[in-house]
Every structure is written in structure tokens, then in C-alpha cells.
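**Student:** sharing a model that was predicted from the sequence below.
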Number of protein chains: 2
Amino acid sequence: MNTQISQTEENYLKAIFRLSLSQNKAVSTNSIAEKLNTKASSVTDMIKKLSDKKWVDYVKYQGVFLTLAGKKIAIRILRKHRLWEVFLVKHLDFTWDEVHEVAEQLEHVKSEKLTQQLDAYLEYPTHDPHGDPIPDEDGNIAHHKEIMLSAISCNEKCTIMGVKDSSVAFLKYLDSSGIQLGTLVEVVKKEAFDQSMHILFEGKKRNISQQISKNLFVKKHRL
Amino acid sequence: MNTQISQTEENYLKAIFRLSLSQNKAVSTNSIAEKLNTKASSVTDMIKKLSDKKWVDYVKYQGVFLTLAGKKIAIRILRKHRLWEVFLVKHLDFTWDEVHEVAEQLEHVKSEKLTQQLDAYLEYPTHDPHGDPIPDEDGNIAHHKEIMLSAISCNEKCTIMGVKDSSVAFLKYLDSSGIQLGTLVEVVKKEAFDQSMHILFEGKKRNISQQISKNLFVKKHRL
DNA sequence: ACTAATTTTTAGGGTTGTCTAAAAATTAAT
DNA sequence: ATTAATTTTTAGACAACCCTAAAAATTAGT
Ligand SMILES: [Mn+2]
Ligand SMILES: [Mn+2]
Ligand SMILES: [Mn+2]
Ligand SMILES: [Mn+2]
């Protein structure tokens, strides 16, 4: 029997985990296929393998749930991914839109010591460059229950805590707008017509579409 | 056509390069198989692929030579391997017998920026933890023409510059003996019978077998 | 409830990289 | 120069992933 896990299997487990976070239902074949840029038929094949290995619970036509073992693996990969992202930004001068692609490879390097030492070296960061929480060694994740900027009312103030969409395009847009993690934002006005928002930050005024405001996690300021 | 290089292909090219350094002949199928812990038939298969891609010159039954393109790739991998080894020792508290296995994985991460920045971050190291030279960005390697400790005569002094065998077993043996890179060694006596050597370093005396002395690169001290 | 649309699975194949066993070529030994 | 030993290649197969096209199951629409 093959006891070693492959990179592909790791990517599948991670994808399933991330998809299962945003819902309580079984993760569908199609959603996995879309996330991994592959075909549904390939996903079905792989799901069977993951099921044989007891990493997912699978009922035909009903999608999958991660088992405890599967979840543990997924979280370990996610932890490595995010630690590497921190490393790249903090020490190797990468920008937040450059790290994902490289972390996608680095996350598969197998060495317990490497992960631990990297974590220590980075001084146990809690969040990655996109504001996503980094699981600790035991797999605990600070569940970010932050709200979206789009949910903030007029005249309220908040701080940008993370991005939902971490595509290169979105991150570059934010850079060009001067919006980063930690930026203090005040909602000045909301257009009823298209839900776009006038915001004020660092003295600058800007109008942002709902597509933007729906992809920014914020922390409300207490009154 | 498949333009992307696989990890396996990279490992083959690196192996062929390292084997070609110690000789001027074509690299044999069997030697590659041995180095990569695989079977000769698998090597023949892969050699054909590498040959199709113009990374090796291959004549049936005559072994292979790297082409210029193949050599470039091999050197790039070697560079990454050794840079990562330096990183692991310098920043993540790895010992020199632990780094190889992890670097074997890290060397395959694809990102020009990563390599460059890592190099800069490490302050452009010239040698890895085993004393092996690190190719620069243009692929130039400081050809270490050091001699073996076994070739040093009685009463001569030298400095340990590198290890030829970098197996965990050998490195651990050196650790337990207190021998490291930079250690100053004087040859006190050589046994004619088994070529073992009595050496003196850091006040300690030791007898080392030829197997040891033949695997240590040294730099002779000028008189 | 019954069709229609969508999702998921199966069937059949392709590629990469590996293996064992047998055949062919090369090299070494007499 | 033959024969024997060794090296290398071929033949045939298998595992991991991926694909397209067709079939089956589920879900949505009326
Ligand atoms: Mn990945
Ligand atoms: Mn991230
Ligand atoms: Mn490798
Ligand atoms: Mn090394």
C-alpha cells in the first residue's frame, strides 16, 4: 500500500477544506473541479482514492466531507502555505500578490522540522499577508468572523483585516488604491443604486464598487 | 509539446551533471540508476526523453553527455539546492546532516525571484554547509580543486574545506569526532599497513581510516 | 408528477515514470 | 578469436492523474 501522500492529494484535501469552510453541506464535485482547474471526472477519480485512504467520507452523487484525518492534513498544508507566504513577504521582499504561486509549491515540502523552525523563525505569526489566519502546530485556527466592508453603515469606521479574493488582479487594484491591511477606513456614503461606497482613508476619498467592498474583511471600531 | 520540466527530469539532469564532473567520459546508464536509486531500464527510458528535449547527447549503449542547455538546467538546480542548504543551517537551525533531504525537495520550487532573493538574503554565499561551491546566477562554479586529506604527507598541516561523501552517517561520524569545516588538521603519522592516519587537531589526537581521509577535502597550508 | 436542465459518474484512453524479465550489444577473459 | 560476463535496451505491464464523450442520477421548473 502507498503510505506516502502525493502533492495532488494534498491539493485536493486543501481545496475541499477551504470549500467546506464557507458552508455546512457536503462539498460538491463541481466546486472542487472549478477550484482546482480540472474536470469533474478527474475529481470523481481522485475522490475515490481519498475515500479509500479514509481522508474523505464520500457518498456517490452526494459530494464529500473531510474526515478528521483528512482535515488534519488539509490544515497542515494550509499552515505551511501561509507560513511560507509570511516568509516571502517578510524576508524575501515579495509583494502580497506574488506569494501565492510560490507558496503553492513550498507548501508541499515535507519536513516537520522545517515547518516548526520556520514558524519559530517568523516569530509565530498569526496571519498571512492576506489577513488569513495561520493554524498553529496543533491545527487550531483563529476563526476569523470578521465582517465585510460592504456591511458597514454610513459614518462607521473600521480597519481592513483581510481580503476574501486574493487574486493578483484584486491585490494589485488595492495596491494602486493605497488600501492595505491595517488601513483605517470610514464609510462616508453608500449609493443605493449600485451599492458602491464612498470611503475615506488616510485623508483620501474614493468610490469603490460593491465587488470591492464585498471582498474586504474589516473589523468595526467600537464606539 | 510539453515545455515544462518535471522534478524527475531535474533530478536526472542534476545526477548526470554530478557524475560527469568526476570523469571526462560519457555518463553510463548504470551509474545514473545507482545514483537515483532506480533501475537501468527506467534510466534508458528517461534518457530518451531528455535526448528528445535536447538536454543530453545520447548514443545507444554509449551513455550520455549533457548539452549546454542541459548543463544550464542542472547547474540551476544545484544552485538552488545549495542555497537552500545554507538557509536551513544558517537560519533554521538544521545540522549539516539534516539539510540534504529537505533541499532535495526545495530545489524544485520554480521561481526566479525566489532564488535571487534567497541568494541576496543569505549574502551571496560561495559554499554550502558541506563545502561544495554554489554556482552564481550566471552558472559559474568555483571549481574546487582541493585535495583529499589522504594525500597530505606527514607533518603537513591543512584545513578541512569540504566533504566528498555527504551521507548522514559520515557527517554524524565527523560530528562525533569534532571535525568540521575550517578545522585545522596536522598529519602526525601514516600507517603503511592500512593507510590510516594519526592526526592532530584542536589539541586532540585521533586515528582515522583511509575511508575517512579519502572523503575530506583539505587546503594545504603554505610553508 | 413529469420533463428539462444540471450535476456526477462511468467508459475508454493518453501521458509520465516506474518495474521485471528477456533480448541485444558491449566489454572482459581466456 | 571465441566465449563468458556485464551493461544496456526492449517488451510488456502497472500506478497515478488527467482528459472527452456518453450514461446515470439528482435537482429544478412547470
Ligand atoms: Mn499546492
Ligand atoms: Mn494567503
Ligand atoms: Mn530533488
Ligand atoms: Mn550540500
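**Tutor:** Looks like it came in fine. All values derive from a computational prediction rather than experimental measurement. Numbering: from 1, shown residues only, chains lettered A, B, ... in the order given. Ligands and ions are numbered 1, 2, ... in the order given.
**Student:** could you chop chain A up by domain?
**Tutor:** A:7-66, A:147-220 (automatic domain parsing).
**Student:** for these, which one sits closest to DNA strand D?
**Tutor:** Nearest of the domains of chain A to DNA strand D, taken as C-beta to the nearest atom of the strand: domain A:7-66 at 3.3 Å. Any C-beta I mention is one placed from the backbone N, CA and C, and that applies to glycine too.
**Student:** returning to what we had before: any chance of TSV for the domains of chain A, columns mean pLDDT?
**Tutor:** Listed next are the domains of chain A as TSV, based on pLDDT from 0 to 100:
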stretch	mean pLDDT
domain A:7-66	97
domain A:147-220	96
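**Student:** so which elements touch the longest helix belonging to chain A?
**Tutor:** Longest helix of chain A, by residue count under DSSP state H: helix A:68-92. On a contact count with 3 or more C-beta pairs under 8 Å, 6 or more residues apart in numbering or on different chains; DSSP states H and E, helix A:68-92 meets helix A:7-21, helix A:99-106, helix A:112-121, helix B:112-121.
**Student:** got a markdown table for those, with distance to DNA strand C too?
**Tutor:** Output for the helices and strands packed on helix A:68-92, formatted as a markdown table (distance: least, C-beta to the nearest atom of the strand, whole Å):
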| stretch | distance to DNA strand C |
| --- | --- |
| helix A:7-21 | 11 |
| helix A:99-106 | 16 |
| helix A:112-121 | 23 |
| helix B:112-121 | 21 |
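**Student:** how about JSON lines for those, with mean neighbour count and distance to ligand 2 added?
**Tutor:** Listed next are the helices and strands packed on helix A:68-92 as JSON lines, based on neighbours: other C-beta atoms under 10 Å in any protein chain shown; distance: least, C-beta to the ion, whole Å:
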{"stretch": "helix A:7-21", "mean neighbour count": "19", "distance to ligand 2": "11"}
{"stretch": "helix A:99-106", "mean neighbour count": "20", "distance to ligand 2": "6"}
{"stretch": "helix A:112-121", "mean neighbour count": "16", "distance to ligand 2": "15"}
{"stretch": "helix B:112-121", "mean neighbour count": "16", "distance to ligand 2": "16"}
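**Student:** turn the ones you listed into CSV, columns for distance to B:N24.
**Tutor:** Formatted as CSV, these follow (distance: least, C-beta to C-beta, whole Å):
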stretch, distance to B:N24
helix A:7-21, 38
helix A:99-106, 36
helix A:112-121, 38
helix B:112-121, 30
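**Student:** could you look up the SS state of A:K219?
**Tutor:** At A:K219 the chain is in strand, as set by DSSP: H, G, I helix; E, B strand; the rest coil.
**Student:** one more: A:I160?
**Tutor:** Under three-state DSSP, A:I160 comes out as strand.
**Student:** beta partners for it?
**Tutor:** Beta bridges link A:I160 to A:V218, judged by DSSP bridges.
**Student:** repeat for A:I208
**Tutor:** A:M197.
**Student:** what about it, how many residues close to it?
**Tutor:** By other C-beta atoms under 10 Å in any protein chain shown, 21 other residues sit near A:I208.
**Student:** same check, this time on A:I152
**Tutor:** 22.
**Student:** between the domains of chain A, which one is closest to B:K172.
**Tutor:** domain A:7-66 (30.4 Å; C-beta to C-beta).
**Student:** A:D93 and ligand 1, how far apart?
**Tutor:** 22 Å (C-beta to the ion, to the nearest Å).
**Student:** for that residue, which residues are in contact?
**Tutor:** B:Q117 (C-beta atoms under 8 Å, 6 or more residues apart in numbering or on different chains).
**Student:** kindly report the same for A:S176.
**Tutor:** Contacts of A:S176 (C-beta under 8 Å, 6+ apart): none.
**Student:** same check, this time on the one 10 residues further on
**Tutor:** Neighbour list for A:E186: A:155-158, A:199-201 [criterion: C-beta under 8 Å, 6+ apart].
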